[in-house]
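Enquirer: Mind looking at a prediction? Sequence and model below.
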Amino acid sequence: MKKIEFFKSVFSKNDFPKENLSQLILCGRSNVGKSSFINSVFKTKIAKTSSTPGKTRSLNFYKVENKFFIVDLPGFGFAKVSQKEREEWNKLILSLLSNYTSIKVAFHIIDSRHEPQESDIELNRFVHAQEIPYFVILNKIDKLNQKDKSESVRRIVEYFPELIINENLFLFSAINGFGSKEIKQLITK
Ligand code: GTP
Ligand code: MG
């Protein structure tokens, strides 16, 4: 699992790819590291990242080994884009999630330093309601010491009791590659 290429940016419902390929979607709040996740796992710089939240502003489809899509979504919970723009994204993301049967799996990326927010809880509920296989990636684990790591895991499981470490919950760092091996195995599977 090495070859990844940019396929297209989608700004409206009519633009969704016609290809009947499975999709792995990357979702989560702004700035949690969704785009960095792609770059780290595939050792590339293909996805644009920024320390300023709100970088990704379209649904970006990447094709992996001509077999499936990884879709990098705009982050939610970012106050600085206009209300209108935010609503447009939300609509687009919801239509992707609800009407698109090719979604095989959702990776929900969460900053391991922070408590899940209302939008995380909503996303978790929504994905379960759609019966989309679901994994949580606790990112930026490089920022935590051992004690804070345990605390972060304890907290996330308190919010989402279905999570089991290394089954559907993974610790990750896009900066130092921690957890990459497990994530790659998961994606391959
Ligand atoms: P939006 O596109 O705005 O929704 O953000 P995003 O979720 O795609 O985040 P992005 O990948 O652009 O990363 C946001 C910031 O977090 C950047 O400054 C990254 O360098 C940083 N970052 C991402 N992953 C990690 C990580 O694992 N550890 C650390 N320390 N920083 C990270
Ligand atoms: Mg992004």
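Expert: Cool, got the structure. Ligands and ions are numbered 1, 2, ... in the order given.
Enquirer: can you pull out the strands in this structure?
Expert: Counting by DSSP state E, residue ranges of the strands within the chain are 4-10, 22-28, 59-64, 68-72, 103-111, 134-139, 169-171.
Enquirer: what's the average pLDDT for the fifth one?
Expert: With pLDDT averaged residue by residue, strand 103-111 scores 92.
Enquirer: a markdown table for the strands of the chain, including mean neighbour count and distance to ligand 1?
Expert: All C-beta atoms are positioned from the backbone trio N, CA, C, and that covers glycine. Supplementary listing: the strands of the chain in a markdown table, determined by neighbours: other CB atoms under 10 Å; distance: least, CB to the nearest ligand atom, whole Å:
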| stretch | mean neighbour count | distance to ligand 1 |
| --- | --- | --- |
| strand 4-10 | 15 | 12 |
| strand 22-28 | 22 | 6 |
| strand 59-64 | 22 | 9 |
| strand 68-72 | 23 | 7 |
| strand 103-111 | 22 | 7 |
| strand 134-139 | 23 | 5 |
| strand 169-171 | 20 | 10 |
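Enquirer: out of those strands, nearest to residue 91?
Expert: Proximity to residue 91 (CB to CB) singles out strand 59-64 among the strands of the chain, at 11.5 Å.
Enquirer: Parallel or antiparallel, which strands does the closest one pair with?
Expert: Taking DSSP bridges as the criterion, strand 59-64 sits next to strand 4-10 (antiparallel), strand 68-72 (antiparallel) in its sheet.
Enquirer: now for the lowest-mean-pLDDT helix or strand in the chain, which elements pack on it?
Expert: Of all the helices and strands that make up the chain, the one with the lowest confidence by mean pLDDT, DSSP states H and E is helix 83-99; it has a mean of 76. Based on contacts counted as 3 or more CB pairs under 8 Å, 6 or more residues apart in numbering; DSSP states H and E, the elements that helix 83-99 packs against are strand 22-28, strand 59-64, strand 103-111, helix 118-129.
Enquirer: starting at the chain centroid, how far to the second one?
Expert: Meaning strand 59-64. Averaged C-alpha coordinates place strand 59-64 at 12 Å from its chain's average position (CA atoms, centre = their mean, to the nearest Å).
Enquirer: and the direction of it versus that of strand 22-28, what angle?
Expert: 130 degrees (axes from the mean of the first three to the mean of the last three CA atoms, to 10 degrees).
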